[in-house]
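In: Predicted model and sequence follow; I will ask about them next.
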Amino acid sequence: MDEIARSVNLLYERYPYPYLPIRTERDLASKLHANIMAKILATAGLETGSLSGKAVLDAGCGTGEKAAYFSYHGAHVTGVDLCKASLQRARELAGKFNLQVEFHHCDIAEFRTKKRFDHVFCLGALHHTEKPYNNFLAVADLCKPGGTVTVGLYNSYGRLLHRATRMWIGLRAGKDIEARMAYVERAIYGRKLRSVHEAAYVADKYVNPYESYHTVGEVLGWFEQNGISFIGAHPHVEKGGLAAIFTQMKWMIRGSGFFVISGRKN
Ligand SMILES: C[S@@+](CC[C@H](N)C(=O)[O-])C[C@H]1O[C@@H](n2cnc3c(N)ncnc32)[C@H](O)[C@@H]1O
C-alpha cells in the first residue's frame, strides 16, 4: 500500500462510505439510491433488466451498496476494496438480502483474477489513488471485449469551488481527520451531524486526505488509447471538443463535482 492509499484508507476505516439507511428490500431496490443507480447504468446503455446473469466488477466498492443493487438485479458481482470496515458492512448488507456477492479485500492496483467481466464499474475510487490512469488500465483490462467500463471521477471544473473550501478546511483544521470533521460540523453545518450517513458523506466530501481532478476530455483520451468507445455520461456531456468544455464550465457554476462516464471495449 502506498502512502496515499494508506492515508485514504485511514479515513474510510473510520467513516465507511456510503452509508445509506438501507433497511428494507424497497430501500435497496427502488427507494434510496435507485434514481442515481438508473442514471449510472444509463451511461453504459444499461438498465436493471440488462444485468441478469452478467458478470459485474465493482472496483472500489466501498460498503457494497451498489454491488448489492447489481446483485439484487441478477448480476454475478465481484467487489474489491481496500477498506476492511467498508467490506464488513458490504458483507452484512449482501447477507441481509441473501445476495451472493464475492468481496475481496485488495488494492485495485493489485487485484488479479482470471475472470473477465461484462460490466466494470469503478465509481469514486480512482481519484483517491496515486496513479488513477494506471488503476483505470488495471480495471479496464478485466472487462471482456464488447463489455462496458464505467468510471466516476471528480471533475476539474465542477469541483473547483469545492477545492477552495477543502483548502480552507486544511488551513483552519489541519490534517487530523477528527479535527477536520469537527471543523466542518461547526463552520459549515453549524450543528451536530445527524446520522452515520451524514458523517460518512461529510468525511468523503470534505475530509478526504487525497483527491485528484479529471476532465471529460482526459477520460475520453484514456478510452481512445485503450480501444474503448464512448457510450454516455452523467451529467450529460457531448463527446469532447468545445461543447464538452462549455458543459464542464456549467458544472463549475452548478457545483456538479462528480461525473460518471462509460465506454464499450472493442
Ligand atoms: C467514495 S468511496 C466509493 C464507494 C463506492 N464505489 C460507491 O460509489 O458507493 C471510495 C472507495 O474507494 C476505495 N479505495 C480507494 N483507494 C482504493 C484502492 N487503491 N484500492 C481499492 N479501493 C480503494 C475506498 O476504500 C472507498 O471505499
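Out: Good, I have the coordinates. Numbers count the residues shown, from 1 in each chain.

In: residues contacting the residue of the chain found nearest the ligand?
Out: Taking C-beta to the nearest ligand atom, the ligand has its nearest neighbour within the chain at G62, 2.7 Å off. To be clear about C-beta, it is placed using only N, CA and C from the backbone, and glycine gets the same treatment. By C-beta atoms under 8 Å, 6 or more residues apart in numbering, the contact set of G62 is Y12, P16, Y17, P18, D81, C83, S86, A90, G124, A125.

In: for G158, same thing?
Out: Q248, W251, M252, R254, G255, S256, G257, F258, F259.

In: ok but it is inside a strand, no?
Out: No - per DSSP: H, G, I helix; E, B strand; the rest coil, G158 lies outside any strand segment and is coil.

In: so which strand or helix has the nearest residue to it once chain neighbours are set aside?
Out: What sits nearest to G158 in space, not counting adjacent residues and going by C-beta to C-beta, 6 or more residues apart in numbering, is W251, at 3.6 Å. Using DSSP states H and E, W251 falls within helix 241-254.

In: Check for me that R91 belongs to a helix.
Out: Yes - counting by three-state DSSP, R91 is part of a helix.

In: Quick check: phi and psi on the residue nearest to it when sequence neighbours are not counted?
Out: Nearest non-adjacent residue to R91, counting by C-beta to C-beta, 6+ apart: F103, 5.9 Å away. Dihedral angles of F103 (phi, psi; degrees, to the nearest 10) stand at phi -110, psi 140.

In: Correct me if wrong: F103 contacts L82.
Out: No - the criterion here is C-beta atoms under 8 Å, and F103 misses it with L82 at 11.8 Å.

In: the more surrounded of the two?
Out: L82 (26 against 20; other C-beta atoms under 10 Å).

In: how close does the more buried one sit to T165?
Out: 26 Å (C-beta to C-beta, to the nearest Å).

In: What are the boundaries of the helices in the stretch 1-150 of the chain?
Out: 3-14, 25-26, 34-43, 65-72, 84-96, 132-140 (DSSP state H, counting those that start in this stretch).

In: Tabulate those helices (a markdown table), appending mean pLDDT, mean neighbour count and distance to the ligand.
Out: Formatted as a markdown table, those follow (pLDDT from 0 to 100; neighbours: other C-beta atoms under 10 Å; distance: least, C-beta to the nearest ligand atom, whole Å):
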| stretch | mean pLDDT | mean neighbour count | distance to the ligand |
| --- | --- | --- | --- |
| helix 3-14 | 96 | 17 | 4 |
| helix 25-26 | 96 | 12 | 19 |
| helix 34-43 | 97 | 17 | 9 |
| helix 65-72 | 98 | 25 | 5 |
| helix 84-96 | 98 | 18 | 5 |
| helix 132-140 | 98 | 20 | 7 |
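
In: who wins for proximity to V202 among those helices?
Out: helix 3-14 (11.1 Å; C-beta to C-beta).

In: So what touches that closest one?
Out: By C-beta under 8 Å, 6+ apart, helix 3-14 touches 1, 62, 82-86, 107, 128-130, 177, 203-204, 207-210.
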